[in-house]
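Visitor: Attaching a predicted model along with its sequence, questions to come.
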Amino acid sequence: MKPIDLCEAGALQPFVNCMQRRGLEVEHYLEQQWISPAQVDSGEGKIIKRQAWKMFEEVQRREGLDSLGFLDGDSFSVDDLGELGSILRQSSTLQDAIETFSRLIPSFAEGNTVWLERGPVISWLWCLTDGLDLETRVPDHFTIVVLSSVIRMVAGPDWRPEKIRFQSAATRTVDKISLVGDRECQFEQVGSAVAFKTELLASQMTCRSPLSSPASPGLQEGSPSRSLGETLRLVLSPRITDHSLPSAIEAAEILGVSRSTLSRTLLAEGSGYRKMIERIRFEIARELLKENCSLKEIAHELGYSGSNNFSRAFLRMSGFTPGEFRRRNLFDR
């Protein structure tokens, strides 16, 4: 089974900000797709790209925001991409930034591929989004904004693409967007792309932000190689402390598989839905015990009805009560 594409939770923050500025019920739309608002706000962990796309479609349908994908394109910068933006700011030149971008994009947004098509006068910065159909416009439009923000690191905030290519189908909304405006546009292309003057590739960064390391564990090079169970773990982990776990049927729907497929796959991986939840709770409990949180606090944080229920569950998973576990200092074993 092909791994389900994920993206960094922080990738949704620009959309959340855009929706909040318009007075929309952001949390409602996020929760509708089982996306944790707290996770998006913290920017930690991953979410399923399909969930985000469904949310975009729902916002468009109910709010009439056909330009949602363009956000506030004129003011958007790579800094709005969080850690990825900070890493790109470390580049020496635009050429360097694009090479770094192409290496890290599969981790930031799995199923996306970035490449440079260099010409003598005009070059193209491309991004292919796997699984994007012609009518799924929001992520395609947002891609144009992101690609433009990469070029603007050296070309300045007022720069606009020479030409634009869209992976999705045409829409009249494009003509009303200042970033696009009167530029030559082509639709239903192999990917999304912006054209710029080739000479910009050698331009040095005007501002480089400090960063202690080139990339944290959250952003790694290469494509995903992940089982369905591992994907489910990434989806469930932030919901544990939110006390908003989906049912097994809802989890299967989020993953885009049938309930029977989910059960069969987890069984083959030596797990099950409830067992996976208990394992995640145990991992979080270990960290909270290390921080000297009380059993009552941990039980509440993990959604147990009381400290006794938590202690019994912890004993089943480890063979020790939480108190014994802490006294014996078994955290690193």
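Guide: Sure, I can see it.

Visitor: Could you list the low-confidence segments of the chain?
Guide: Filtered on pLDDT under 70, the chain yields the residue ranges 1, 72-73, 206-225, 270, 330-333.

Visitor: Helices of that one, residue ranges please.
Guide: 13-21, 26-32, 37-42, 49-63, 83-89, 94-108, 138-155, 228-240, 248-255, 259-268, 273-290, 295-302, 307-318, 322-327 (DSSP state H).

Visitor: For the residue nearest to residue 5 when sequence neighbours are not counted, give its distance to residue 261.
Guide: Once flanking residues are discounted, residue 5 sits nearest to residue 111: 3.7 Å by Cβ to Cβ, 6 or more residues apart in numbering. Any C-beta I mention is one placed from the backbone N, CA and C, and that applies to glycine too. Noted for residue 111: a distance of 20 Å to residue 261, by Cβ to Cβ, to the nearest Å.

Visitor: and the two? which has more neighbours close in?
Guide: residue 111 (20 against 14; other Cβ atoms under 10 Å).

Visitor: need the contact list for the more buried one.
Guide: Contact analysis of residue 111 by Cβ atoms under 8 Å, 6 or more residues apart in numbering lists 5, 49, 129, 130, 131.

Visitor: Hmm, residue 48 and the first one touching each other?
Guide: When you say that, I think you mean residue 5. Yes - here residue 5 reaches residue 48: they are 7.3 Å apart, a contact under Cβ atoms under 8 Å.

Visitor: Those two: who's more crowded?
Guide: The residue with more neighbours, out of residue 5 and residue 48, is residue 48; 23 against 19, by other Cβ under 10 Å.

Visitor: Filter the contacts of residue 111 down to the buried ones.
Guide: For these, a burial check counting by 16 or more other Cβ atoms under 10 Å picks out 5, 49, 129.

Visitor: dump the residue contacts of the last one.
Guide: Applying Cβ under 8 Å, 6+ apart, we find residue 129 in contact with 109, 111, 112, 139, 140, 143, 167, 191, 192.

Visitor: roughly how far apart are residue 70 and residue 54?
Guide: 19 Å.

Visitor: Buried ones in stretch 66-75, by neighbour count?
Guide: 66, 67, 68, 69, 70, 71, 73.

Visitor: Just name the closest of these to residue 119, please.
Guide: Checking the buried residues of stretch 66-75 against residue 119 with Cβ to Cβ, the nearest one is residue 73 at 24.5 Å.

Visitor: so residue 263 sits right up against residue 274, yeah?
Guide: No - the criterion here is Cβ under 8 Å, and residue 263 misses it with residue 274 at 11.0 Å.

Visitor: quick one: which of those two has more around it?
Guide: residue 263 (15 against 10).

Visitor: how close does that one get to residue 316?
Guide: Going from residue 263 to residue 316 by Cβ to Cβ gives 21 Å.

Visitor: ok, now residue 163?
Guide: 61 Å.

Visitor: Neighbour count: these two, which is higher?
Guide: The residue with more neighbours, out of residue 163 and residue 316, is residue 163; 14 against 10, by other Cβ under 10 Å.

Visitor: which residues touch residue 226?
Guide: 3, 4.

Visitor: Go again with 7 Å.
Guide: residue 3 (Cβ atoms under 7 Å, 6 or more residues apart in numbering).

Visitor: Residue 249 too?
Guide: Residues in contact with residue 249 (Cβ under 7 Å, 6+ apart) are residue 259.

Visitor: partners of the lengthiest strand in the chain in the sheet?
Guide: In the chain, with assignment by DSSP state E, the single longest strand is strand 122-129. Next to strand 122-129 in the sheet, as set by DSSP bridges, lie strand 112-117 (antiparallel), strand 192-197 (antiparallel).

Visitor: How far off centre is the last one?
Guide: The offset between the C-alpha centroid of strand 192-197 and the centroid of the whole chain comes to 24 Å, using Cα atoms, centre = their mean, to the nearest Å.

Visitor: Also stretch 189-199?
Guide: The answer for stretch 189-199 is 24 Å, by Cα atoms, centre = their mean.

Visitor: buried set for it?
Guide: Those would be 189, 191, 192, 193, 194, 195, 196, 198, for stretch 189-199 by 16+ other Cβ under 10 Å.

Visitor: Kindly format the C-alpha coordinates of stretch 150-159 as PDB.
Guide: Only the C-alpha atoms of stretch 150-159 are listed here, as PDB (Å, rounded to 0.1, in the frame of the first residue of the first chain):
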ATOM      1  CA  VAL A 150      11.000  31.800  -2.600                       C
ATOM      2  CA  ILE A 151      11.900  34.100  -5.500                       C
ATOM      3  CA  ARG A 152      11.000  37.100  -3.500                       C
ATOM      4  CA  MET A 153      13.800  36.300  -1.000                       C
ATOM      5  CA  VAL A 154      16.200  37.900  -3.500                       C
ATOM      6  CA  ALA A 155      13.900  39.800  -5.900                       C
ATOM      7  CA  GLY A 156      12.100  41.800  -3.200                       C
ATOM      8  CA  PRO A 157       8.500  41.800  -1.900                       C
ATOM      9  CA  ASP A 158       7.000  43.500  -4.900                       C
ATOM     10  CA  TRP A 159       8.300  40.900  -7.400                       C
END
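
Visitor: Quick one: residues in contact with that stretch.
Guide: 77-78, 88, 94, 97-98, 101, 125, 194, 196, 200, 203, 205-206.
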